[in-house]
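Asks: Output the structure for:
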Amino acid sequence: MTLPMTVPAPGLPTRVRIHEVGPRDGLQNEKALVPAAVKAEFIHRLAEAGLTTIEATSFVHPKWLPQLADAEELMPLIDDVDARLPVLVPNERGLDRALALGVREIAVFASATESFAKANLNRTVDGALEMFEPVVTKAKDAGAAVRGYLSMCFGDPWEGPVPISQTVSVSRRLLDMGCDEISLGDTIGVATPGHVRELLDTLNEAGVADDRLAVHFHDTYGQALANTLAALEHGVTTVDASAGGLGGCPYAKSATGNLATEDLVWMLDGLGIETGVDIGRLTATSVWMARHLGRPSPSRTVRALSQKEI
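Replies: Coordinates of the predicted model:
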């Protein structure tokens with residue numbers, strides 16, 4: 001199989017943890033329901049490819065995301081998976097459902113902008129944070145780790161560019177309420193490397209260390225890998241990605257697919273950065289899932305490698 005030549009670059013981390021979001025963020029927009037058994041096999045295959053953090057599903061009300069209405073059916077099917085399996089919860093009811101199944105890593109999903117908070121949660125930014133505070137407290141009291149997703153960190157389809165101070169303020173509030181990690185989301189893919197560096201610098205100045213941060217880039221304008229490299233150079237070592245480049249955002253039509261995990265691994269392998277991921281097995285998994293979805297993967301790396309012997 002073709003592999004990149006390894007040429008390390010100075011100033012980069014030696015290892016990166018990939019937070020795989022394909023089974024949740026990648027599949028949530030699919031109109032045709034994917035059976036729980038297929039989702040479970042997808043997660044098993046991702047773990048066998050070496051991914052150690054795989055976001056499994058969301059405990060949101062079935063009316064809002066019918067694709068993920070099978071969370072209670074899915075979780076017992078992946079009990080044997082040797083990986084961290086966080087889930088998204090929208091409120092205390094969702095948290096209770098997750099905890100009842102033994103989940104010990106959860107995520108809440110906030111917005112840096114008022115427009116997206118209204119579209120996604122039908123609340124103001126303050127109202128959403130007030131809703132999440134008891135969720136985070138209850139999760140921590142139960143011994144669960146909590147991730148805070150923060151969407152629209154760089155730009156918003158209704159409001160335009162998002163002031164860096166605004167993103168920093170909401171990030172700080174999520175950490176102060178007890179979140180262990182903040183995932184900075186470029187939901188509509190408008191960030192550029194200089195913007196990424198400036199946001200990370202300002203977060204550091206506000207007392208938020210790089211080891212409390214993850215980055216979640218969309219590739220709308222082809223900037224996801226460049227932005228990821230800027231974050232790695234800054235010291236961030238957790239990167240969200242979706243196998244095969246699946247996913248987008250159901251509440252922002254301009255949000256195209258997530259950074260493809262294979263594209264990320266290809267770059268990291270070439271830089272000599274350890275991930276533990278076997279790119280051949282991962283690519284085969286995305287090809288397999290693409291067949292179930294009835295269309296080719298948007299990942300350039302998947303397309304290139306799937307034309308060769310895996």
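
Asks: mind listing the helices for the protein?
Replies: 36-48, 71-74, 92-100, 114-121, 125-141, 164-176, 193-205, 224-234, 261-270, 279-293, 300-306 (DSSP state H).

Asks: Can you name every helix or strand that the first one contacts?
Replies: With contacts defined as 3 or more Cβ pairs under 8 Å, 6 or more residues apart in numbering; DSSP states H and E, the secondary structure elements packing on helix 36-48 are strand 53-54, helix 71-74, helix 279-293. Backbone N, C-alpha and C define where each C-beta goes, glycine included.

Asks: Counting by contacts, list what the last one packs against.
Replies: In this structure, helix 279-293 makes packing contacts with helix 36-48, helix 261-270, helix 300-306, judged by 3+ Cβ pairs under 8 Å, 6+ apart.

Asks: of all those, which lies closest to Met289?
Replies: Among the helices and strands packed on helix 279-293, the nearest to Met289 by Cβ to Cβ is helix 36-48 (5.7 Å).

Asks: List the buried residues for the closest one?
Replies: Neighbour-count burial for helix 36-48, counted by 16 or more other Cβ atoms under 10 Å, picks out 36, 39-47.

Asks: Alpha carbons only: can I get it in CSV?
Replies: Provided in CSV are the C-alpha atoms of helix 36-48 (Å, rounded to 0.1, in the frame of the first residue of the first chain):
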residue,chain,number,x,y,z
ALA,A,36,-27.8,-0.2,14.9
ALA,A,37,-26.0,-3.4,14.0
VAL,A,38,-24.2,-1.5,11.1
LYS,A,39,-23.3,1.3,13.4
ALA,A,40,-21.9,-1.2,15.9
GLU,A,41,-19.8,-2.9,13.3
PHE,A,42,-18.6,0.6,12.1
ILE,A,43,-17.4,1.3,15.7
HIS,A,44,-15.8,-2.1,16.0
ARG,A,45,-13.9,-1.6,12.8
LEU,A,46,-12.8,1.9,13.8
ALA,A,47,-11.4,0.5,17.0
GLU,A,48,-9.7,-2.3,15.2
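
Asks: for this structure, what are the low-confidence residue spans?
Replies: For the chain, the stretches flagged by pLDDT under 70 are 248-256, 308-310.

Asks: now Leu12: how far from Ala209?
Replies: Relative to Ala209, Leu12 is positioned 17 Å away (criterion: Cβ to Cβ, to the nearest Å).

Asks: And those two? Which one has more around it.
Replies: A side-by-side neighbour count of Leu12 and Ala209, using other Cβ atoms under 10 Å, places Leu12 first with 16 against 11.

Asks: Check the gap between the residue nearest to that one when sequence neighbours are not counted and Leu271 for me.
Replies: Of all residues not flanking Leu12 in the chain, Leu232 sits nearest, at 5.4 Å (Cβ to Cβ, 6 or more residues apart in numbering). Distance of Leu232 to Leu271, given as Cβ to Cβ: 8 Å.

Asks: can you list residues touching both of the two?
Replies: Both Leu232 and Leu271 are in contact with Leu12, where contact means Cβ atoms under 8 Å, 6 or more residues apart in numbering.

Asks: more crowded one of the two?
Replies: Neighbours were counted for Leu232 and for Leu271 using other Cβ under 10 Å; Leu232 has more, 22 against 17.

Asks: Pull the contacting residues for the more buried one.
Replies: 12-13, 16, 239, 273.

Asks: could I get the helices and strands packed on helix 279-293 as TSV with distance to Ser58?
Replies: Below are the helices and strands packed on helix 279-293 laid out as TSV (distance: least, Cβ to Cβ, whole Å):
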stretch	distance to Ser58
helix 36-48	12
helix 261-270	19
helix 300-306	25
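
Asks: Grab the nearest non-local neighbour of Gly294.
Replies: Ala32 (7.7 Å).
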